[in-house]
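>>> Pasting the sequence and the predicted model now:
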Amino acid sequence: MSVTVYIPTPFRRLTGNQVYVQAEGSTVAEVLYNLSNQYPTLRHMIFDESDEVPGHINIYVNNQEINSLNGKETPLEDGDEVAVIPAIAGGQVLTEDQVNRYSRHIIMPQVGSLGQRKLMAAKVLVIGAGGLGSPSALYLTLAGVGTIGIVDFDVVDMSNLQRQILHRNDDVGRPKTQSAKETLLSYNPNVNVVIHDGPLTSENAMEVISQYDIVINGADNFTTRYLVNDACYFAGKPLVDGSVLLFDGQATVFFPGKGCYRCLFPSPPPPGLVPSCAEAGVLGALPAVIGSIQAIEALKLILEIGESLASRLLLVDALSMEFRMVKLRRDPKCPLCGDDPTIRELIDYEGFCGAPFPGQDGG
Amino acid sequence: MVIEVRVTANIQTLVGGQRSVRGEGSTVSELLDDLDSHYPGFKALLITDGQLHRFVNIYLNDEDIRFLDKLDTPLKEGDTLSILPALAGGAASRTG
C-alpha cells in the first residue's frame, strides 16, 4: 500500500525538493526502508549505523508520534501520512512563543504541531491586495503561513477603505503592496511577506507563480483572472479562486488537470458588459466572507485536511444569505486543460479579453 | 410547468430587482422564451444566435446545462434554474 511521506525542509534537497513523496509499506519500518531505497542519500538521515532511527528523528503517523503508537511496527493504511521530523533542525521546532501564538491551532488534532510546521513552511501567493486579498492574506498571516506573496500594482484610494482591511486612512496614496506588508507584519512579525509591486503579465507570471505552493486569486478583472488561471495550470499550482460583485460571491478551487476557470467560463464577457465593483459596487463585508473562505481553502490544502472546494462552485447570495453549491467539471473541450488543448503557453490576454491589464493603460 | 429562476444581483435590474423570477416551459429554451416575453431583453443577455454566451452559465439545480442537453435540457416540476454570469470583482480596479 502507498502512503504519503512529509519531508521537512532540511531533508528536501535529498528528495528532489519534493515536500511530499509516496512510499510503499504496511508498517512504518517498511515505509522507511522503501523510502531509503528510493532516496539513498536520505537513508543516512533516517537510519543510524545499526539501522535504527536515530533519537533526534521523530516519526509521525497522521500527526501522532509513533512512540505513542506501536513504534516502528505501527501499521499503515492507504492514504495515511507519515512525517519524518528532525527534533532540532534550525528553527523547524516551534518556539515557546510560537506554541503560545498558535495554541488554538496546535490543540486541534487535525493541525497539531506538525500541521503548524507545515503552515510555517508553506508559501502562498495572493493576487491583489484588495477586497478579497486583504482578508485572505490577513488570515494566512495570523495562521503563521511562512511566506505570503502579494501582487498588486495599485495605490490605496480612499474608496478602497470601505472593504480593503489591509489599508487604513493614512495609507491613501501609498502602494498597496507596501501598506499590505506593513499591516500584515504588524499582526504577525514571524511571517515573511514578499511583495511583487507591479502588474502580473504574461512575461512575469510564470516566474512569480513558480515560487509558491498555492495561489489565491483576488483579481478584479478578467484579463488577470485568465492569466492567473493559465499560469497556475502550466506551473501545476492549485488555484483558490474567488470573486464578488454587488451582493453575490463565488469561490472554488482549481487543481491542475481537474477543471479550470476556462472550463467554468470559456471566455470573458465583452468589455463593459459585466461591470466591475468600481462601476457597480459591492457590499463591503461580502469580500471578507469570500476572502476568508479562500484563506480556509488554502489552509486546508496546506494541512491536507477536509474536502476542498475542487469540482464545486460555492455561490453566496448575501441578500437572501443563501449559500449554494453547484458542480464544476473539467470540460474535455477546454482549450487549456481539455483533451485536445490549443493553449500551450501564456497568450496575449489583453487581446483575448479585449481589454488592457488595468493600470497599464494609464487609466 | 412553472420553474423558479434565480438571477445574480447584476442582472436583477432587468427583472425589477427580484432575486428570482418564475417562468413556464418544458425545456430551458422555452423557459427563457417565456421570461423574455415578460422581461424583454432577458434572452439577449444570455444567448446570441441560439448559443448560450460563453461567459454565462445556467445551472439546472446543481448541474451546468452545458453538460446536459444545453438549451434543450428538459425541465420538470420543482426544478430550479440558476443563471450565473462570470464575475471578476476582487481587488478594486482603477476608476480613472
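Received the coordinates, thanks.
>>> Going by residue numbers, what spans are strands in chain A?
Taking DSSP state E as the criterion, chain A carries its strands at A:2-6, A:20-24, A:57-61, A:64-65, A:81-86, A:123-127, A:147-152, A:192-197, A:214-217, A:239-245, A:248-254, A:312-317, A:322-327.
>>> now swap in chain B and tell me
Per DSSP E, chain B carries strands over the ranges B:2-7, B:20-24, B:47-48, B:51-52, B:56-60, B:63-64, B:80-85.
>>> give me the number of residues near A:E350?
Using other CB atoms under 10 Å in any protein chain shown, A:E350 has 16 other residues around it. For every residue, glycine as well, the C-beta is placed using N, CA and C.
>>> ok, B:R22 touching B:M1?
No: using CB atoms under 8 Å, B:R22 makes no contact with B:M1, being 10.4 Å away.
>>> Find the residue at the geometric middle of chain B.
With distances taken as CA atoms, centre = their mean, chain B has B:I83 as the residue nearest its mean C-alpha position (3.4 Å).
>>> ok, what's across the strand from A:H196?
Judged by DSSP bridges, the bridge partners of A:H196 are A:V151.
>>> Low-confidence stretches in the stretch 51-200 of chain A?
Within the stretch 51-200 of chain A, the stretches with pLDDT under 70 are A:87-92.
>>> How many neighbouring residues does residue 68 have?
Just so you know, I chose chain A. Number of residues near A:S68 (other CB under 10 Å) recorded here: 10.
>>> not what I meant, chain B
With other CB under 10 Å as criterion, B:L68 counts 15.
>>> Ok, the one 3 residues further on next?
If you count neighbours by other CB under 10 Å, B:L71 ends up with 19.
>>> Tell me how far A:L283 lies from A:V316.
Distance from A:L283 to A:V316, counting by CB to CB, to the nearest Å: 11 Å.
>>> What is the burial count for residue 17?
In the absence of a named chain, chain A is used. Other residues close to A:N17 by other CB under 10 Å number 9.
>>> Chain B, not that one
Using other CB under 10 Å, B:G17 has 8 neighbouring residues.
>>> got the residue ranges for the helices in chain B?
B:28-38, B:42-46 (DSSP state H).
>>> ok, and what's touching stretch A:32-42?
By CB atoms under 8 Å, 6 or more residues apart in numbering or on different chains, the surrounding residues in contact with stretch A:32-42 are A:5, A:11, A:14-15, A:21, A:23-25, A:43, A:46-47, A:53, A:59, A:72, A:84.
>>> and if we set it to 10 Å?
For stretch A:32-42, contacts defined as CB atoms under 10 Å, 6 or more residues apart in numbering or on different chains pick out A:2-3, A:5, A:7, A:11-16, A:18, A:21-25, A:27, A:43-47, A:51, A:53, A:57, A:59, A:72, A:82, A:84.
>>> among those, which ones are buried?
Among the contacts of stretch A:32-42, the ones that count as buried by 16 or more other CB atoms under 10 Å in any protein chain shown are A:3, A:5, A:7, A:11, A:14-15, A:21, A:23, A:25, A:27, A:43, A:45-47, A:53, A:57, A:59, A:72, A:82, A:84.
>>> all helices in chain A, in order from the N-terminus.
A:28-38, A:40-46, A:96-101, A:103-106, A:112-121, A:133-142, A:176-187, A:205-209, A:222-235, A:261-264, A:277-280, A:286-303, A:349-353.
>>> Now do stretch B:31-42: distance to the chain's middle.
10 Å (CA atoms, centre = their mean, to the nearest Å).
>>> Likewise for stretch A:293-311?
Put simply, stretch A:293-311 sits 8 Å off its chain's centre (CA atoms, centre = their mean).
>>> Equivalent analysis for stretch A:304-323, please.
In terms of CA atoms, centre = their mean, the gap separating the centre of stretch A:304-323 from the centre of its chain is 17 Å.
>>> Now do the shared contacts for B:R22 and B:M1.
Shared contacts of B:R22 and B:M1, defined by CB under 10 Å, 6+ apart, are found at B:L31.
>>> got any ranges where chain B has weak pLDDT?
Under the criterion pLDDT under 70, the flagged ranges of chain B are B:89-96.
>>> Apart from its chain neighbours, what residue comes closest to the residue nearest to the centre of chain B?
Excluding its sequence neighbours, the residue lying closest to B:I83 (CB to CB, 6 or more residues apart in numbering or on different chains) is B:V7, at 5.2 Å.
>>> how many other residues sit next to the one you found?
Neighbour tally, B:V7, other CB under 10 Å: 24.
>>> follow-up on the earlier one: can you redo the helices of chain B as JSON lines with mean neighbour count and distance to B:I65?
Converted to JSON lines, these look like this (neighbours: other CB atoms under 10 Å in any protein chain shown; distance: least, CB to CB, whole Å):
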{"stretch": "helix B:28-38", "mean neighbour count": "19", "distance to B:I65": "6"}
{"stretch": "helix B:42-46", "mean neighbour count": "18", "distance to B:I65": "11"}
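>>> Reformat those as JSON lines; add distance to A:P271.
Formatted as JSON lines, the helices of chain B follow (distance: least, CB to CB, whole Å):
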{"stretch": "helix B:28-38", "distance to A:P271": "25"}
{"stretch": "helix B:42-46", "distance to A:P271": "16"}
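>>> mind checking which of the ones you listed is nearest A:F247?
Closest to A:F247 of the helices of chain B is helix B:42-46 (CB to CB; 18.4 Å).
>>> surely the residue nearest to the centre of chain B meets B:R6?
Yes: counting by CB atoms under 10 Å, B:I83 sits close enough to B:R6 to count as a contact (7.0 Å).
>>> what do those two both touch?
B:20-21, B:59.
>>> Kindly indicate which of those residues lies nearest chain A.
Taking CB to the nearest CB as the measure, chain A lies nearest B:Y59 of the shared contacts of B:I83 and B:R6, at 4.7 Å.
>>> Could you pull up the residues touching that closest one?
So B:Y59 contacts A:313, A:315, A:324, A:326-327, B:6, B:65-66, B:68, B:80-84 (CB under 10 Å, 6+ apart).
>>> buried ones in stretch A:331-350?
Buried, per 16+ other CB under 10 Å, within stretch A:331-350: A:331, A:334-338, A:343, A:346-347, A:349-350.
>>> For A:L314, grab the count of nearby residues.
When neighbours are counted by other CB under 10 Å, A:L314 comes out with 19.
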